[in-house]
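> Quick one: sequence plus predicted model below, questions after.
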Amino acid sequence: MSEGPGPVSSTPPPAEVVRRGWSRCVLAGAVFAVCMAGTTLPTPLYGLYQEKFGFSELTVTVVYAVYAFGVIGVLLLAGNASDAVGRRPVLLAGLGCAAASAACFLCATGLGWLYAGRLLSGLSAGLFTGAATAYVMELAPSGGAARATFVATAANMGGLGCGPLIAGVLAQYAPWPLYLPFALHLALVAGSAAVLLRLPETVRERRPVSTVRPQRPGLPAQVRAVFVPAAIASFVGFALFGVFTSVSPAFLSQSLGVDNHAVTGLVVALAFFASTAGQLMVGRVGVGRSLPLGCAGLFAGLALLAGALRWDLLALVVLSAVVGGAGQGLAFRGALSAVAGASPADQRAAVISTLFVVAYAGISVPVIGVGVLVGPMGLEGAGLVFIACMAVLVSTAGVYLLRRPAPAGAGAG
């Protein structure tokens with residue numbers, strides 16, 4: 001009898017098979033977390049790079065946003081590659097991009113290296129986002145879909161949160177702040193590649209890479225009523241994360257006098273950890289309520305951030321990270337579930353890819369806009385304009401969702 005996934009049996013799988021399945025699932029989640037941690041590793045270090053290379057706050061936001069362009073490019077051009085060539089080859093390619101990104105930061109002697117590092121980081125995240133989520137769930141034992149979803153969610157957002165936390169602590173309390181975080185990440189990537197090579201492939205029928213085709217974003221007519229408010233909430237949630245991870249280190253340093261890199265990394269990490277908690281709440285709250293509740297959380301997070309900018313209060317920055325992060329998690333997983341549930345099966349992947357493209361546009365376009373406004377308006381003024389625009393968007397989506405809730409039977413995201 002086969003120990004892998006097979007026909008449904010009336011008898012439960014042996015305990016050893018279940019244990020091995022969860023071990024593989026968790027190991028794949030750890031690899032996922034390592035890759036995602038690398039994408040946020042530079043966050044508390046941007047101030048040090050500004051001192052070293054002498055660039056403006058606008059440049060910081062552009063360097064940050066280059067990452068999103070890499071993610072969007074992969075999602076559009078090769079988002080379905082792992083379905084064809086297998087999960088492991090795509091994930092190994094993602095780890096290769098992550099290693100190359102770390103090498104760029106280690107070798108950085110000018111701004112061009114930072115752009116290259118962030119682009120490669122975006123490519124790694126784009127390759128991992130879909131493939132690693134599917135891989136973690138496929139490695140889990142039969143009947144473990146809910147727990148596997150938790151592993152994938154925790155690995156994704158938890159990894160994103162660990163990046164700034166680790167870099168901040170190392171930059172504050174260890175030598176070589178611009179080198180040690182990336183050297184550590186290179187070592188973790190190498191270990192992750194060794195782990196990945198020992199895990200089994202889960203795609204049974206593989207096709208040559210030449211069969212991979214660019215995915216065109218799709219939006220069937222019957223999905224639009226659900227998609228529009230879901231996309232707005234996703235856009236605002238990712239925009240809030242984008243501003244937190246690109247601009248908050250400068251605000252903490254310039255306006256609040258917080259020069260401790262570990263504190264900066266912790267504040268940013270809190271937003272991602274809160275997002276993980278928000279995503280896990282969707283199962284209890286339900287898709288129908290998670291989207292409007294997420295919008296309310298995002299609005300509250302924006303209001304707290306406005307208060308922090310206006311009155312220069314660290315406590316409000318922390319509250320904004322926690323409340324806004326939880327709102328983002330609720331809204332995004334609710335959006336993903338609602339959109340997936342409303343999509344025809346043969347177009348579901350294209351619709352979900354469209355949602356991710358909108359979300360990652362949120363992590364880039366508004367962030368660059370804030371950077372442009374910092375020059376003439378200052379950090380506080382630019383931040384308040386951003387908050388006002390995002391508050392209007394998320395309020396509109398929230399009101400719409402209260403009047404026309406997402407279907408309660410939407411699939412789980």
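Sure, I can see it. Numbering: from 1, shown residues only.

> can you count the residues close to residue 76?
The local packing of residue 76 (other Cβ atoms under 10 Å) involves 17 other residues. Heads up, the C-betas are built off the backbone N, CA and C, glycines and all.

> and after the helix or strand in which it is found, which helix or strand comes next?
Element membership for residue 76 (DSSP states H and E) is helix 57-78. The element immediately downstream of helix 57-78 (helix or strand, assigned by DSSP H and E) is helix 81-85.

> that older thread, of all the residues in the helix holding residue 76, which ones are buried?
57-76, 78 (16 or more other Cβ atoms under 10 Å).

> isn't residue 337 right next to residue 279, touching?
No - if you go by Cβ atoms under 8 Å, residue 337 and residue 279 don't touch, sitting 10.1 Å apart.

> higher neighbour count, these two?
The residue with more neighbours, out of residue 337 and residue 279, is residue 279; 27 against 24, by other Cβ under 10 Å.

> quick one, what contacts the more buried one?
By Cβ atoms under 8 Å, 6 or more residues apart in numbering, the contact set of residue 279 is 153, 157, 329, 330, 332, 333.

> Nearest to residue 102 among those residues?
Nearest to residue 102 among those: residue 157, at 20.8 Å, using Cβ to Cβ.

> Contacts only, for that closest one.
36, 272, 273, 275, 276, 279, 329.

> thinking residue 362 is in contact with residue 232, fair?
No - using Cβ under 8 Å, residue 362 and residue 232 do not qualify as a contacting pair, with a distance of 9.3 Å.

> hey, which helix is longest across this protein?
Assignment by DSSP state H gives helix 365-403 as the longest helix of the chain.

> helices or strands up against it?
The contact analysis (3 or more Cβ pairs under 8 Å, 6 or more residues apart in numbering; DSSP states H and E) places helix 365-403 against helix 57-78, helix 224-246, helix 248-254, helix 287-311.

> Check which residues of the last one are buried.
What that stands for is helix 287-311. Using 16+ other Cβ under 10 Å as the burial criterion, the residues of helix 287-311 that qualify are 287-309.

> what comes up buried for the helix or strand harbouring residue 341?
Using DSSP H and E, residue 341 sits in helix 314-342. Burial within helix 314-342, assessed by neighbour count using 16+ other Cβ under 10 Å, is assigned to 316-342.

> same thing with stretch 204-213?
residue 212.

> by how many degrees do the worst-scoring helix or strand of the chain on mean pLDDT and helix 224-246 diverge?
Lowest on mean pLDDT, DSSP states H and E among the helices and strands of the chain sits helix 348-362, with a mean of 85. Here helix 348-362 runs at an angle of 40 degrees relative to helix 224-246 (axes from the mean of the first three to the mean of the last three Cα atoms, to 10 degrees).

> the inter-axis angle of helix 348-362 versus helix 57-78?
With the same axes, to 10 degrees defining the directions, helix 348-362 sits at 170 degrees from helix 57-78.

> and the closest residue to residue 278 other than its chain neighbours, what does it touch?
Nearest non-adjacent residue to residue 278, counting by Cβ to Cβ, 6 or more residues apart in numbering: residue 329, 2.4 Å away. By Cβ under 8 Å, 6+ apart, the contact list for residue 329 reads 157, 274, 275, 276, 277, 278, 279, 280, 281, 282, 294.

> how far out from the middle of the chain is the helix or strand harbouring the second one?
Secondary-structure assignment from DSSP H and E places residue 274 in helix 261-285. The offset between the C-alpha centroid of helix 261-285 and the centroid of the whole chain comes to 11 Å, using Cα atoms, centre = their mean, to the nearest Å.

> now that helix against helix 314-342, angle please.
Helix 261-285 and helix 314-342 meet at an angle of 40 degrees, taking the same axes, to 10 degrees as the criterion.

> So for helix 261-285, mean pLDDT?
Averaging pLDDT along helix 261-285 gives 93.

> quick one on the thing from earlier: show me what the helix holding residue 76 packs onto, helices and strands only.
helix 46-53, helix 111-139, helix 224-246, helix 348-362, helix 365-403.

> so how far is the longest one off the chain centroid?
With Cα atoms, centre = their mean as the basis, the distance from the averaged C-alpha position of helix 365-403 to the chain average is 20 Å.

> Next, the angle helix 287-311 makes with that helix.
On the basis of the same axes, to 10 degrees, helix 365-403 is oriented at 130 degrees to helix 287-311.

> list the buried ones in helix 365-403?
Quick answer for helix 365-403 (16+ other Cβ under 10 Å): 366-371, 373-374, 379-380, 382-384, 386-387, 390-391, 393-395, 397-398, 400-401.

> Also stretch 347-360?
Residues of stretch 347-360 classed as buried: 348-360 (neighbour count, 16+ other Cβ under 10 Å).

> about what we covered before: figure out which of the helices and strands packed on helix 57-78 is closest to residue 175.
With Cβ to Cβ as the yardstick, what comes closest out of those is helix 46-53 (13.2 Å).
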